[in-house]
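Novice: Sequence and computational prediction follow.
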Protein chains: 2
Amino acid sequence: MTVTIRDVARAAGVSITTVSRALNGGDDVGEETRQRVLEVAKKLNYRPSHVARSLVLQKSRNIGLLVSDFNRGGHHFMYDVLVGVHDKLAEYGYDVTLVSTNTARQQLISYVDFCRERSLEGVVVMGIRLDDPYVEEVVESTLPSVVIDLPLLSRHCGYVMTDNVNGVRYAIRHLVNTGRQHIGFINGYSHAAVSIERLRGFEAAMRAYGMAYSRDSILHADFTIEGGAKALADLLSRHPETDAVFFASDLMAIGGIQHCKACGIRIPDDLAIIGFDNIELGRFVTPSLTTVAQPRYEMGSDAAEMLVRMLQEDEQPSGTLLPPELIVRESA
Amino acid sequence: MTVTIRDVARAAGVSITTVSRALNGGDDVGEETRQRVLEVAKKLNYRPSHVARSLVLQKSRNIGLLVSDFNRGGHHFMYDVLVGVHDKLAEYGYDVTLVSTNTARQQLISYVDFCRERSLEGVVVMGIRLDDPYVEEVVESTLPSVVIDLPLLSRHCGYVMTDNVNGVRYAIRHLVNTGRQHIGFINGYSHAAVSIERLRGFEAAMRAYGMAYSRDSILHADFTIEGGAKALADLLSRHPETDAVFFASDLMAIGGIQHCKACGIRIPDDLAIIGFDNIELGRFVTPSLTTVAQPRYEMGSDAAEMLVRMLQEDEQPSGTLLPPELIVRESA
DNA sequence: ATCGTAACCGAAAACGTTTCGGATCGCAAG
DNA sequence: CTTGCGATCCGAAACGTTTTCGGTTACGAT
């Protein structure tokens, strides 16, 4: 049925050793026999079996893309990253296998074992949370990995994330430059790594620009629209003087916009709103959302690039910060 | 380094044959030795090598997810489908490898060969267009496949798609029921399979509800926002009496809304607008978008389900139509 | 004629499994 | 005492590659 290297060898009148060498560019084969082998291989439409090759080489050229929680509306962020990872890996000739943690086997089998079974050479991890039980395993395991949006660094684990601190700074700077006086901050939940970074950024920026702020004008919400709306209501009741709010995600910011609409608060006149993420939605809400953009595709492809360098050149993993960009639209 | 079946055999004092049988539930092994083997395997943390197993069994338990054009903003549709496919396949113990057609090797290697190299047992295809060179290969190849959103049926190729005809009918019915008299239709480009179906649905529905319509109140656009806006401008200049437009995609419908805003056309008073897809965006534009929803996750999981049945029970592929749902919001 | 040396090629081991066809043993049936 | 048989177990082949090591030429130099 399927044509193997043995068939090619027979048809070309040489040994399978020679066929292998001819196809893989070995130098130990005469030019005219090489041509003959290539011809025959093409005629028979021979395709070397990746699994046989993997077995003998002990390398699968296959890397895993671990997504912690697939279905939680990761659309906005995950898809672009995923495409970036895939494109770059394909470029280097690696295959990518999808792995999600919330399968039934999540508890049954450890992360590393899962990868070992499949001979995955490395993993890029995305959408994982600080409190995920896999985190420890990822960072301690000897399996090369690159994590997205989580600053984990070890001998075999690097990361790439957006420069959240500077992203937040751009946002605050814009608010300050446009004359805002009382800036609030609605953050995501605290066990998200990005929340920590963004809080750090907020505090640093406020200090840097000489803005006073009270501890309780920093709230936590859950990255959802509803959560953002409720948090803004909270904030405004506590601090009616607030004239600008920075949200740690676009989704929450959109919730904020909805709340303002419901209460007759004018944006940006009464209240300036800035989000984070630059999801497509932001362009279409009214008023359109000013936000901090992350280079999602690049995050994916950079993570992939770093992983293959770890694999092929045995490079040390590192932490990469990608530059964010402030996108000014109507809301601030 | 890695512990193999041979190590387990040695440690348990049995042959590798017995270990294999003990672990795989063969009946040719005594109960007490089986227990011993299981113990030893657990103690050594033995994981059977999928690639070795694949080689000998000639089955990889690996299926491909072919995405024709990754980066073309497939977010809205593709991501949910992808998750559906993955979840269902994981449930059945299959791995899924991402495959996209626009890699560099697109031309160099045929679709089937690509899968053969990797020993993929089957493929689910999504986002492919009628004029894609792979289409023919997909339907003719003996490799089991299920296509999403393209009615391809053959001995080894099934499909699942939304019942576009009825979806459109629901939309038209709603327009008719709310008293609209002159309904236009802005379709996607004609080499998309769904466009054909939706056109069929439109004509059938208009006839069914006794609505007259002229041939040139049916336009083609390119599924983008800008395209939708331009097409609507076209349509309205040709047929100023139009009081309702059905768009073959939400993105185009949103373009229509933007055009109306720019021209002072009131929605839905002057013009009713209905889209297709139920992308998240639709909830947030103003006015919010009435649309026809597709069960995206189910499309993915149903496709996967059908594929494993073809693989495991040797079932014939079939064509599945999933029920759409009209979601009434403000725009119509 | 002998030797050394390239240049070319092949046999066989290895990778980690599954499985087919025995082999061994104990014991009941003849 | 043989025979047969069920219950357990094992050796070895097979899956499709890559690669090490060695063998066979041919040929120019000694």
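Specialist: In hand now; what should we look at?

Novice: Every contact and neighbour count from this point should use C-alpha atoms.
Specialist: Noted.

Novice: List of residues touching the helix or strand bottoming out on mean pLDDT in chain A?
Specialist: Every helix and strand in chain A was compared by mean pLDDT, DSSP states H and E; the lowest is helix A:134-140, with a mean of 86. Residues outside helix A:134-140 that contact it (C-alpha atoms under 8 Å, 6 or more residues apart in numbering or on different chains) are A:111, A:112, A:128, A:129, A:145, A:152, A:153, A:154, A:156, A:157.

Novice: which of the residues in it are buried?
Specialist: Residues A:134, A:135, A:138, A:139 are the ones in helix A:134-140 that count as buried (16 or more other C-alpha atoms under 10 Å in any protein chain shown).

Novice: what's the closest of the residues you listed to DNA strand C?
Specialist: Nearest to DNA strand C among these, counting by C-alpha to the nearest atom of the strand, is residue A:138 at 22.3 Å.

Novice: Partner strands of the helix or strand following the least confident helix or strand of chain A, with direction?
Specialist: Counting by DSSP states H and E, the element after helix A:134-140 in chain order, helix or strand, is strand A:145-148. Strand A:145-148 pairs in its sheet with strand A:122-126 (parallel), strand A:157-162 (parallel), by DSSP bridges.

Novice: so the closest residue to chain B within the stretch 1-150 of chain A, which of the three states?
Specialist: At 4.3 Å from chain B, residue A:97 is the closest residue in the stretch 1-150 of chain A, using C-alpha to the nearest C-alpha. Following DSSP: H, G, I helix; E, B strand; the rest coil, we place residue A:97 in the strand state.

Novice: Next, the contact list for it, please.
Specialist: A:62, A:63, A:64, A:65, B:95, B:96, B:97, B:98.

Novice: Pretty sure residue A:89 sits against residue A:304.
Specialist: Yes: with contact defined as C-alpha atoms under 8 Å, residue A:89 reaches residue A:304; the gap is 6.1 Å.

Novice: Looking at these two, which is more packed in?
Specialist: Neighbour count, other C-alpha atoms under 10 Å in any protein chain shown: between residue A:89 and residue A:304, residue A:304 has more, with 30 against 23.

Novice: Could you list every helix and strand that the helix or strand that contains the more buried one packs against?
Specialist: Element membership for residue A:304, per DSSP H and E: helix A:296-312. Under the contact definition 3 or more C-alpha pairs under 8 Å, 6 or more residues apart in numbering or on different chains; DSSP states H and E, helix A:296-312 sits against helix A:75-91, strand A:122-126, strand A:145-148, strand A:157-162.

Novice: would TSV of those with mean pLDDT be doable?
Specialist: Formatted as TSV, these follow (pLDDT from 0 to 100):
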stretch	mean pLDDT
helix A:75-91	89
strand A:122-126	95
strand A:145-148	96
strand A:157-162	96
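
Novice: Let me have these in TSV, extended by distance to DNA strand C.
Specialist: Output for those, formatted as TSV (distance: least, C-alpha to the nearest atom of the strand, whole Å):
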stretch	distance to DNA strand C
helix A:75-91	24
strand A:122-126	18
strand A:145-148	22
strand A:157-162	24
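
Novice: looking at the ones you listed, which is buried most?
Specialist: By mean neighbour count, with neighbours taken as mean count of other C-alpha atoms under 10 Å in any protein chain shown, strand A:145-148 ranks first of these at a mean of 30.

Novice: In terms of pLDDT, where does the residue in the stretch 201-332 of chain A positioned nearest to DNA strand C sit?
Specialist: Relative to DNA strand C, the nearest point of the stretch 201-332 of chain A is residue A:311 (18.9 Å; C-alpha to the nearest atom of the strand). Taken from the predicted model, the pLDDT recorded for residue A:311 is 96.

Novice: From residue B:39, how far off is residue A:232?
Specialist: When distance is defined by C-alpha to C-alpha, to the nearest Å, residue A:232 is 57 Å away from residue B:39.

Novice: Which one of those two is surrounded by more residues?
Specialist: The residue with more neighbours, out of residue A:232 and residue B:39, is residue A:232; 27 against 14, by other C-alpha under 10 Å.

Novice: what's near enough to touch the more buried one?
Specialist: A:186, A:256, A:259.

Novice: Flag every residue of chain A that's near chain B.
Specialist: Selection of chain A residues close to chain B by C-alpha under 8 Å from any C-alpha of the partner chain yields A:47-52, A:54-55, A:70-71, A:75-76, A:79-80, A:83, A:86-87, A:90-91, A:95-98, A:103-104, A:113, A:116-119, A:281, A:284-286.

Novice: Need the buried ones from those residues selected in ChimeraX.
Specialist: Buried subset of these, written as a ChimeraX selection, criterion 16+ other C-alpha under 10 Å:
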select /A:47,48,49,50,51,52,54,55,70,71,75,76,79,80,83,86,87,90,95,96,97,98,103,116,118,119,281,284,285,286
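
Novice: one step back: export the contacts of residue A:232 to a markdown table and tack on neighbour count?
Specialist: Below are the contacts of residue A:232 laid out as a markdown table (neighbours: other C-alpha atoms under 10 Å in any protein chain shown):
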| residue | neighbour count |
| --- | --- |
| A:186 | 28 |
| A:256 | 28 |
| A:259 | 20 |
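
Novice: from the residues you listed, which is closest to residue A:201?
Specialist: Nearest to residue A:201 out of the contacts of residue A:232 is residue A:186 (C-alpha to C-alpha; 12.9 Å).

Novice: Quick one: mean pLDDT over the one helix or strand that closest one maps to.
Specialist: If you go by DSSP H and E, residue A:186 is part of strand A:183-187. Here strand A:183-187 scores 97 as its mean pLDDT.

Novice: Alpha carbons only: can I get the helix or strand following that strand in CSV?
Specialist: Remark: after strand A:183-187, the chain's next helix or strand is helix A:193-208, criterion DSSP H and E. Taking Å, rounded to 0.1, in the frame of the first residue of the first chain, the C-alpha atoms of helix A:193-208 are listed here in CSV:
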residue,chain,number,x,y,z
ALA,A,193,0.3,37.7,36.1
VAL,A,194,-0.5,40.6,33.8
SER,A,195,-2.5,42.2,36.6
ILE,A,196,0.5,42.4,38.8
GLU,A,197,2.6,43.9,36.1
ARG,A,198,-0.1,46.4,35.2
LEU,A,199,-0.5,47.4,38.8
ARG,A,200,3.3,47.9,39.0
GLY,A,201,3.1,50.0,35.9
PHE,A,202,0.2,52.1,37.1
GLU,A,203,1.9,52.9,40.4
ALA,A,204,5.2,53.7,38.7
ALA,A,205,3.6,55.9,36.1
MET,A,206,1.5,57.8,38.6
ARG,A,207,4.5,58.5,40.6
ALA,A,208,6.6,59.4,37.6
